[in-house]
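Enquirer: mind looking at a prediction? Sequence and model below.
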Amino acid sequence: MSDDTPATPENDEAEAAARPEEPSKSAGAEEPAEAEVKEPAAAPAPKSGATSGADPKPGAPAKAAAFELGTLLDFPAAIGWRDHAVGGLLALAYVAWLVATARSLGFPRDEGFYFHAASDYARWFDLLLKHPADAMQKGAIDGPWSQNHEHPALMKSLFGLSWMFLHQRLGLFSDASTAFRLPGMAMGGLSLWVTYLFGARAFSRPAGLVAAALLGLMPRVFFHAHLACFDVPIMTMWLVSVYVYWRATQEPTLGFVVAAGVTYGLALETKHNAWILPAVFVAHAVVVQGRSASRHLRAGRVQVPATLLSVAILGPLVFVALWPWLWSDTGSRIQEYMAFHLNHEYYNIEYLGKNYFGPPSPPSYAPVLVLATVPAITILLFSIGAADRLKVISARLVAWLRPSSGAASAAAGPDARARDRAETDVLLFLSFAAPLAVFFLPKTPIFGGTKHWFPAYPFLAIFAGRGFDMVARAARARLAGWDPPRLRLVPIALGAVIVLAPLAETIHSHPFGLSAYTPLVGGTAGGADLGLNRQFWGFTTESVAPFLATAPRGSSVFIHDTAWDSWARMQAEGRIRSDLRPVGSPSDAAYALVHHELHMQEVDCGIWMAYGTVAPAYVLRHDGVPIVSVYRRP
Amino acid sequence: MGLENTREKVAKWAFVLVPLAALVELAAHATQVQSAATDADWAAARAAAQPLIHPDDLVVFAPRWTDPIGRASFGDALTGVAREASADETRFPRAIEVSTRGAHAPELASWRKADEKRAGPFTITTLENPSYARTLDDLVAHLGEGRAQAALIDGSGGVTPCPWSDGGGAQSGGLGFGPAVPNAKFGCRAVFAGVTVLTDLEYRSRRCIFAPPPGGPAALRITFKDVAFGQVLHGHHGLYVEAERGKEGTPVYLAFSAREKRIAKIAHVDGDGWKGFELPTGDLAGQTADLVAEITSGSNNRRLYCFEAITR
């Protein structure tokens, strides 16, 4: 049935010769038991000439190719528990930062809906624990699980369970919202962990470390990572699915093959972006096994890699198994779910001063928004790293097309094909491109902000990590005359300089992560000059709480784009004065909010007419740019 | 050989560009976040602009996104609906532009600069309209009890007068509500005519007469009493952005007549946006007469129509 036997990449001979004390080990293999590994004790720094021209092997063991941050910390060559510890620490630090900053971030519209659904799901889990037979009745299932069934259940289940255990039962979080949000934050942390591992295995530990840092220091990722929503979780699950698939391609053991199907099922259960992922896997499998598959086909046999079979079979099974709403009328409910997203209503989004409300997306939308929201240094390093990998892919393609071409073969490196039979570079490019490619299709409207192509970002960051590797290697080569301790500090200093701007931008963007733009376009004000979207979801209401605190007791407030559930949660947690009454029309309110977006201009106009004034009593700003206007009835 | 050496040296040191770029980005970020105008800056701009602003001047803030802060800082006395939601800039003899970040209002690009002064990060520019024509009468200002009348004309010519009511304020809502429905209006059955602020197809605010057509063969007739005529009737009409951006509605017709004589009948087709018109009235110039406007459309579905006109 299956003949999925990609060879594990072999060690590059030149590098192995340069570092004879390192154990010979297959790409990405887990670190063996400590006793089995003969670790180099403070291996000498390689001569600059020996490393500067080496083409690192994607998917090869993460030897510290150019400089040994790993050596500094006594890391063995193979990726192992120490690396998981590094990834875990990165994740923990990120989650701690997110938790620490969560209270100053208001609740977007969608969070209000998910809080509500998650509470209902949690009550069902409670029933399941106490009265399992009752919980499994159709009526008991359909009641709660029909709530918000346009999105799968995984994250909302986790939000609900976290709320039930960490807030209601254990009281670990005094804010219910922080408990709801924790699983999303954990997903943000997990994305850094896996990005580190992926980068470390594919290129080097420093590449992985820088990749993880640059991913976490994208202001938009930082914003969305706070939320009890699905955009960061699907970014993470996309990454995890690709990573596990890659590992299964490298080492098609039963464990990895099953894990590939299960993780894909979890991705399907997270958000519908996962529908695109099979295109990545199939395209990659064609590259990896195309020739072999076509040979089998000519011989009358069909060869399908076991990993793909696992994805195709286990993925949907996990998807249905974890979503109780699908346990009845499965076919028609899956159809309903898919129809909702295939016929989704359009949103208004400003782009370059024009309001878009239907397909197609302007082709420049995604590239311009990436440039305007991802720190420039990250983009620069991505360009360096991606260009390097593209060069290698092209050279290998030329060598493959013209086997006799000596120049091309040389460029591709010695025995290039054998060096990475998992075609890591191809997989990375496909995983990066697929989420963005959707926005170039004629029927895709602008559905919102950058969050819809978040799954591309870990791969952008991994290429940036590769770019960092190259720059650090060049620096080490140029400064080879320095004494070794100083030389070892070069990549650390370089890494520190590189993360400074993304760190500053990310810190400054909070809690206006959707309004903030990078210095490349002039920051928040530059984004406003260009006519880029200011915000959506009405979450900035919390930021006008200090002004609303001056309102007379019991005042009515038109809450504009803020969802009722979101407002109620802000009041329940004391973020907004609890005596203020939300209303749905400025005409009925003593105070009226306007969340500034181009298409919300009509709300301003309506308030002018209702209140007889054009002058807001207060304008909330970020870097001088209006975010929310608050009118007070004269 | 020398060139090759230079190239080699440049290539060897090229890596420096990356940390340099990182530091430049950091410096740019620091500069950008420091450059935002403060409340004190806005107060200084107001103090500098206030003595320059005449009652019939236009006041604009550039870039346009600064407008909410401008309105909050300058207040109603210096801004107000007539300035913020003007039908066009041609009816103002002068404009005071309060600008920052080097921006300028594009609609004033051809105006003559008469004065310019700085106030912190702001530039206060006095601009003169090179082709100003004095307004003789304004239909928006005319719409009110005693100065106008409205009636619903049914398909057979029956006339139902629409009485004036004035409850003060207006009914408004959130996104999708459409223009605020003024309480001060002529109204009968589902038909009314009153002054509102429309959000046009370009998301600009326009003060105009909200007069949705009754649909079918019926018409909404508004009679403006004793209008002072000039050489032209200059105006605009349009629909609420969400009513016309889908380009699915029936055209709306606006017919003007005076002294039993048709001046013109113009059409607004979805997608036209805030569409201007200039109708010759030379034969009535210098005279005062009733001006009748009739609004019709094949359907009344989402025909959130608004118009305005002045005589010159």
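Expert: Good, I have the coordinates. Small disclaimer: the values here were computed from a predicted structure and weren't measured.
Enquirer: which single residue of the stretch 51-200 of chain B ends up nearest chain A?
Expert: Here the stretch 51-200 of chain B gets closest to chain A at one residue, B:Ser172, 2.9 Å apart by Cβ to the nearest Cβ. From N, CA and C alone the C-beta is placed, and that goes for glycine too.
Enquirer: what's the neighbour count on the nearest residue in space to that residue that is not next to it in sequence?
Expert: Excluding its sequence neighbours, the residue lying closest to B:Ser172 (Cβ to Cβ, 6 or more residues apart in numbering or on different chains) is A:Gly606, at 2.9 Å. As a burial measure, A:Gly606 scores 30 neighbours (other Cβ atoms under 10 Å in any protein chain shown).
Enquirer: check the one 4 residues further on too.
Expert: Using other Cβ under 10 Å, A:Ala610 has 26 neighbouring residues.
Enquirer: repeat for A:Thr263
Expert: Neighbours around A:Thr263, by other Cβ under 10 Å: 25.
Enquirer: list the buried ones in stretch B:288-296?
Expert: Neighbour-count burial for stretch B:288-296 flags B:Ala289, B:Leu291, B:Val292, B:Ala293, B:Glu294, B:Ile295, B:Thr296 (criterion: 16 or more other Cβ atoms under 10 Å in any protein chain shown).
Enquirer: nearest spatial neighbour of the residue nearest the centre of chain B, skipping sequence neighbours?
Expert: The centroid of chain B falls nearest to B:Arg206 when counting by Cα atoms, centre = their mean (3.3 Å). Leaving aside its chain neighbours, B:Arg206 sits nearest to B:Leu198 (4.6 Å; criterion: Cβ to Cβ, 6+ apart).
Enquirer: same deal with B:Arg94?
Expert: Closest to B:Arg94 by Cβ to Cβ, 6+ apart is B:Asp57, at 4.8 Å.
Enquirer: do a quick rundown of the helices in chain B.
Expert: For chain B, the helices defined by DSSP state H occupy B:2-13, B:17-34, B:39-49, B:67-78, B:80-84, B:139-142, B:241-244.
Enquirer: may I see the ones you listed arranged in CSV, with mean neighbour count, distance to chain A and mean pLDDT as well?
Expert: CSV is the format used below for the helices of chain B (neighbours: other Cβ atoms under 10 Å in any protein chain shown; distance: least, Cβ to the nearest Cβ, whole Å; pLDDT from 0 to 100):
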stretch, mean neighbour count, distance to chain A, mean pLDDT
helix B:2-13, 10, 5, 82
helix B:17-34, 17, 4, 98
helix B:39-49, 17, 9, 98
helix B:67-78, 21, 4, 98
helix B:80-84, 20, 5, 97
helix B:139-142, 19, 13, 97
helix B:241-244, 22, 7, 97
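Enquirer: quick one: closest of these to A:Phe113.
Expert: Smallest distance to A:Phe113 across the helices of chain B (Cβ to Cβ): 23.4 Å, for helix B:241-244.
Enquirer: can you tell me how far the closest residue to B:Ser205 other than its chain neighbours sits from B:Arg206?
Expert: Leaving aside its chain neighbours, B:Ser205 sits nearest to B:Ala85 (3.9 Å; criterion: Cβ to Cβ, 6+ apart). For B:Ala85, the distance to B:Arg206 equals 6 Å [Cβ to Cβ, to the nearest Å].
Enquirer: what is the burial count for the residue of the stretch 201-312 of chain B found nearest chain A?
Expert: Per Cβ to the nearest Cβ, B:Tyr203 is where the stretch 201-312 of chain B lies closest to chain A, at 4.6 Å. When counting by other Cβ under 10 Å, one arrives at 20 neighbours for B:Tyr203.
Enquirer: who's in contact with it?
Expert: Neighbour list for B:Tyr203: A:Asn355, A:Leu598, A:His599, A:Gln601, A:Glu602, B:Val241 [criterion: Cβ atoms under 8 Å, 6 or more residues apart in numbering or on different chains].
Enquirer: and the stretch 51-200 of chain B, which residues reach chain A?
Expert: By the rule Cβ under 8 Å from any Cβ of the partner chain, the part of the stretch 51-200 of chain B lying against chain A is B:63, B:65-66, B:68-69, B:71-72, B:74-76, B:79-81, B:84-85, B:101, B:103, B:169-175, B:177-180, B:182, B:196-199.
Enquirer: switch to 7 Å and redo it
Expert: Residues of the stretch 51-200 of chain B lying near chain A by Cβ under 7 Å from any Cβ of the partner chain: B:63, B:65, B:68-69, B:71-72, B:75-76, B:79-81, B:84, B:101, B:169-175, B:177, B:179-180, B:182, B:196-197, B:199.
Enquirer: how about residue 173, what does it touch?
Expert: I went with chain A, as the question did not name one. A:Leu166, A:His167, A:Ala179 (Cβ atoms under 7 Å, 6 or more residues apart in numbering or on different chains).
Enquirer: not quite, I wanted chain B
Expert: B:Gly173 neighbours (Cβ under 7 Å, 6+ apart): A:Ser585, A:Gly606.
Enquirer: distance of it from A:Gln601?
Expert: With distances taken as Cβ to Cβ, B:Gly173 is found 14 Å from A:Gln601.
Enquirer: just B:Thr126 next, same as before
Expert: 27 Å.
Enquirer: got it, and A:Ser191?
Expert: For A:Ser191, the distance to A:Gln601 equals 37 Å [Cβ to Cβ].
Enquirer: between those two, point out the one with more neighbours.
Expert: A:Ser191 (31 against 21).
Enquirer: remind me which helix or strand that one belongs to.
Expert: helix A:176-202 (DSSP states H and E).
Enquirer: what is that helix packed up against?
Expert: helix A:81-101, helix A:154-162, helix A:205-216, helix A:219-225, helix A:231-250, helix A:457-478 (3 or more Cβ pairs under 7 Å, 6 or more residues apart in numbering or on different chains; DSSP states H and E).
Enquirer: roughly how far is the shortest one from the heart of the chain?
Expert: The chain centre lies 9 Å from the centre of helix A:219-225; the measure is Cα atoms, centre = their mean, to the nearest Å.
Enquirer: now do the longest one
Expert: Mean C-alpha position of helix A:457-478 versus that of the full chain (Cα atoms, centre = their mean) differs by 20 Å.
Enquirer: try the third one
Expert: Taking the mean of its C-alpha atoms, helix A:205-216 sits 13 Å from the chain's own mean (Cα atoms, centre = their mean).
Enquirer: does chain B have contacts with stretch A:543-554?
Expert: No. Figure legend: stretch A:543-554 not in contact with chain B (Cβ under 7 Å from any Cβ); closest approach 11.6 Å.
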